[in-house]
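**Q** After the sequence you'll find the predicted model.
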Amino acid sequence: SMAPAVRKEFCKLEQELTIQDRKFLDIKEARNDLESYSYDFRNHLAEYGNYEKHALKDVRESFLAQINTVVDWPYEEGENAPLEAYTQRLQAFQAIGAPIKARYTFYSMIEESIRFYDGLVMRTANRLEECEMTDENRKRVADLMATALEFMTKLKTELATKPKTEDCSFSLSMVQNTLE
């Protein structure tokens, strides 16, 4: 049996060791997050990568240079860096990378929405001719189709004129809401 004072000292020591372990594991996790993000973006931004067309050339080249520096940093100057250093670097990368990834996602998915819209217009026009309905309901459907057509025409015009390195003023949720 241990004296209460000794037991209390051991409990305090155990808590301190647990805190130190958690700090160590947090740094390891932050290092892994930074490396994963860096390698992922380096692959996607490289020539023929998915994100290549969604970042301006100078932004892409600068970001790739930063990434190439950071992938070695944890094993060199950053080997004993605090958690905050890893977190700050990752947040800085995310500030650059998130808009690029969002543009890639938008431009990849918008084509599917446009195809869906075009098919919906065809199906609706065909059914509108075949269905028996009141003139009031027919007008309501025609008005909804006109609103959707106006929206999609603006979207298609913007997509045709704006480079993929710039954000579109439309969002996928705006398109989905218009089509519903």
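**A** Thanks, I have the structure now.
**Q** and the strand or helix carrying Glu158, average pLDDT?
**A** Per DSSP states H and E: Glu158 is located in helix 135-161. If you average the pLDDT over helix 135-161, you get 91.
**Q** ok, and for that helix, which residues are buried?
**A** Val141, Ala148, Phe151, Met152, Leu155, Leu159 (16 or more other Cβ atoms under 10 Å). For the C-beta atoms, the positions are set from N, CA and C on the backbone; glycine is no exception.
**Q** Distance to Asp33 for those - can I get that in JSON lines?
**A** What follows is those, written out as JSON lines (distance: Cβ to Cβ, whole Å):
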{"residue": "Val141", "distance to Asp33": "50"}
{"residue": "Ala148", "distance to Asp33": "42"}
{"residue": "Phe151", "distance to Asp33": "39"}
{"residue": "Met152", "distance to Asp33": "39"}
{"residue": "Leu155", "distance to Asp33": "35"}
{"residue": "Leu159", "distance to Asp33": "34"}
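**Q** tell me the two of those that are most distant?
**A** Val141 and Leu159 (26.2 Å; Cβ to Cβ).
**Q** what packs against the least confident helix or strand in the chain by mean pLDDT?
**A** Here the helix or strand of the chain ranked lowest by mean pLDDT, DSSP states H and E is helix 172-179, holding a mean of 85. If you count contacts as 3 or more Cβ pairs under 8 Å, 6 or more residues apart in numbering; DSSP states H and E, helix 172-179 packs onto helix 83-130, helix 135-161.
**Q** among these, which is nearest Glu76?
**A** Comparing those by Cβ to Cβ, helix 83-130 comes nearest, at 12.7 Å.
**Q** sorry, back to before: hmm, who's touching the least confident helix or strand of the chain?
**A** With contact meaning Cβ atoms under 8 Å, 6 or more residues apart in numbering, helix 172-179 is reached by 105-106, 109-110, 113, 116-117, 120, 147-148, 151-152, 155.
**Q** what angle sits between that helix and helix 83-130?
**A** 20 degrees (axes from the mean of the first three to the mean of the last three Cα atoms, to 10 degrees).
**Q** Tell me the pLDDT of Lys57.
**A** 94.
**Q** burial of it, as a residue count?
**A** 9 (other Cβ atoms under 10 Å).
**Q** Spit out the contact partners of Ala55.
**A** Contacts of Ala55 by Cβ under 8 Å, 6+ apart are Leu45, Phe63, Ile100, Arg103, Thr165.
**Q** How about the third one: what's its closest non-neighbour residue?
**A** Closest residue to Ile100 in three dimensions, ignoring its sequence neighbours and counting by Cβ to Cβ, 6 or more residues apart in numbering: Ala55, at 4.7 Å.
**Q** that older thread, same list (the contacts of Ala55) but as CSV, adding distance to Thr87 and pLDDT.
**A** Output for those, formatted as CSV (distance: Cβ to Cβ, whole Å; pLDDT from 0 to 100):
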residue, distance to Thr87, pLDDT
Leu45, 22, 95
Phe63, 18, 96
Ile100, 20, 97
Arg103, 25, 95
Thr165, 28, 95
